[in-house]
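**Q** Mind looking at a prediction? Sequence and model below.
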Amino acid sequence: MPIKLPPANAVADMLGGLISRAVTAKASPALKLDLGSQSVAAYLDESKSLLAVAYCDLPVGASLAAALMLVPSERVDECVKEKELDTVLKENLYEIFNVMASLFPKNGAPRLVLRELNADGTIPDDVKAVLDKPGARLDLDINVSGYRSGKLAILSH
């Protein structure tokens, strides 16, 4: 049975509070998977079972990561042009996804922890299985004030 996913407003509130910027999140059509330009996070429960996956496109991943440490938006533009996150923004995005784990228990799901963040296109088989056939999904258009907008998806096993 899929876990309960957080509502869009909870995602926006958590992200905005973390980066101290206005963030909006609206339901959107399903985000197509493009492993070469997306970052994919895997979440485990206390028994080490994969229960959720989240992924985002490069513009919103870079924007959230940059906003976390007040990195200028021009750095986001450079990453999008180069089609990859630099080392600092990868580390910052890991922290964003790590804190996102707090959304699950607040919305009726068990406590989850971030197992890993893949930003290089390599995805473990168990994560691929959730991406291919999620039990539930939440697809969002994310707007980060002062930075680029993009898409974020949260899926349950």
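**A** Thanks, I have it. Numbers count the residues shown, from 1 in each chain.
**Q** Count the residues that sit near the residue nearest to residue 67 when sequence neighbours are not counted.
**A** Nearest residue to residue 67 in three dimensions, chain neighbours excluded: residue 19, at 4.1 Å (CB to CB, 6 or more residues apart in numbering). No exception for glycine: its C-beta is placed from N, CA and C like everyone else's. Residues near residue 19, counting by other CB atoms under 10 Å, number 24.
**Q** got a pLDDT number for residue 19?
**A** On the pLDDT scale, residue 19 is placed at 97.
**Q** ok, residue 25 - contacts?
**A** By CB atoms under 8 Å, 6 or more residues apart in numbering, the contact set of residue 25 is 8-9, 11-12, 15, 140-143, 152.
**Q** circling back: so who does the residue nearest to residue 67 touch?
**A** With contact set as CB under 8 Å, 6+ apart, residue 19 has these partners: 64, 67-68, 96, 144.
**Q** so how far is stretch 120-131 off the chain centroid?
**A** Offset of stretch 120-131 from its chain centre (CA atoms, centre = their mean, to the nearest Å): 14 Å.
**Q** Which positions within that stretch qualify as buried?
**A** The neighbour-count check on stretch 120-131 (16 or more other CB atoms under 10 Å) flags 123, 127, 130-131 as buried.
**Q** May I have the beta-bridge partners of residue 40?
**A** Beta-bridge partners recorded for residue 40 (DSSP bridges): residue 55, residue 118.
**Q** what's around it, how many residues?
**A** By the measure other CB under 10 Å, the count of residues near residue 40 is 26.
**Q** re earlier: who wins for neighbours among the contacts of residue 19?
**A** Highest neighbour count within these: residue 64, with 30 neighbours (other CB under 10 Å).
**Q** Remind me what the lengthiest helix in the chain packs against, helices and strands.
**A** In the chain, ranked by residue count with DSSP state H as the criterion, the top helix is helix 87-100. Secondary-structure packing of helix 87-100 (3 or more CB pairs under 8 Å, 6 or more residues apart in numbering; DSSP states H and E): helix 8-19, strand 38-44, helix 58-68, strand 113-118.
**Q** okay, the angle between that helix and helix 58-68?
**A** 90 degrees (axes from the mean of the first three to the mean of the last three CA atoms, to 10 degrees).
**Q** Now do the least confident helix or strand in the chain by mean pLDDT: everything it contacts.
**A** Ranked by mean pLDDT, DSSP states H and E, the weakest helix or strand in the chain is helix 103-106, scoring a mean of 89. Contact with helix 103-106 is made by 3, 6, 10-11, 14, 43, 52, 110-112, as judged by CB under 8 Å, 6+ apart.
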